[in-house]
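1. Here's my sequence, what's the structure:
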Amino acid sequence: MGTELLAPLDLAFWHLESDAHPMHLGALAVFSPDGGRTPAPDALLELLGTRAAAIPRLRMRVRDVLLPVGGAAWSADKDFDVHRHVKRVELPGMAAGDEDAFMAAATRLAGELMEQPLRRGLPPWQMYVIGGPADGPFAVLVKLHHALADGMRAVAIGAGIFDEIASFAGRG
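-> The predicted model follows:
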């Protein structure tokens, strides 16, 4: 994928963003492994990172262009490192078997993570694996800048990332 100008609506989302008005969207997926076997966190991070890095748009960053004035373009991030985007966060003090408490804590943490702006100069997305008690549920928060994805593009990115996760988590 070469350099491509942002579409007018995506450019508006990019320029309208501020600390007080972040322009990203997110999705929280919660997985409850069958048989009480949570995948190893490092293996899950590796799988998510591999799946995300395989999506060309997720390796693109936004850069300013001279023409048109005020414009921006997608360009390949030559220093792309998926480990800057896929991170693990543990919920401490979670009791095994209390899925309601996990859901409440994961949702609260997802809200806090969504409040944080995405770093400019990098591809505008983040993914967090939210771990709870051993062999219990886990969640994945995907955070995408609105200039990167909305509607069907967000669905396509989600499908590209999650299509193997359900079987990996023991629900195949």
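2. Wait, D19 touches P117, no?
-> Yes: counting by CB atoms under 8 Å, P117 is a contact partner of D19 at 6.0 Å. Using the backbone N, CA and C atoms, a C-beta is placed for each residue, glycine as well.
3. Between those two, which is the more surrounded one?
-> It is P117, of D19 and P117, that has more neighbours when counted by other CB atoms under 10 Å, with 15 against 8.
4. Now do the strands in the protein.
-> 4-5, 24-31, 60-64, 72-76, 86-90, 125-131, 138-145 (DSSP state E).
5. Who are the packing partners of the fourth one?
-> Put plainly, it is strand 72-76. strand 4-5, helix 8-16, strand 60-64 (3 or more CB pairs under 8 Å, 6 or more residues apart in numbering; DSSP states H and E).
6. For the protein, give me the ranges with low pLDDT.
-> Where the chain drops to pLDDT under 70, the residues are 1-2, 34-38, 164-172.
7. same thing but at 50, please
-> Across the chain, residues meeting the criterion (pLDDT under 50) sit at 1, 170-172.
8. Just the buried residues of the longest helix seen in the chain, please?
-> In the chain, taking DSSP state H as the definition, the longest helix is helix 99-115. Neighbour-count burial for helix 99-115, counted by 16 or more other CB atoms under 10 Å, picks out E99, F102, M103, A105, A106, L109, A110, L113, M114.
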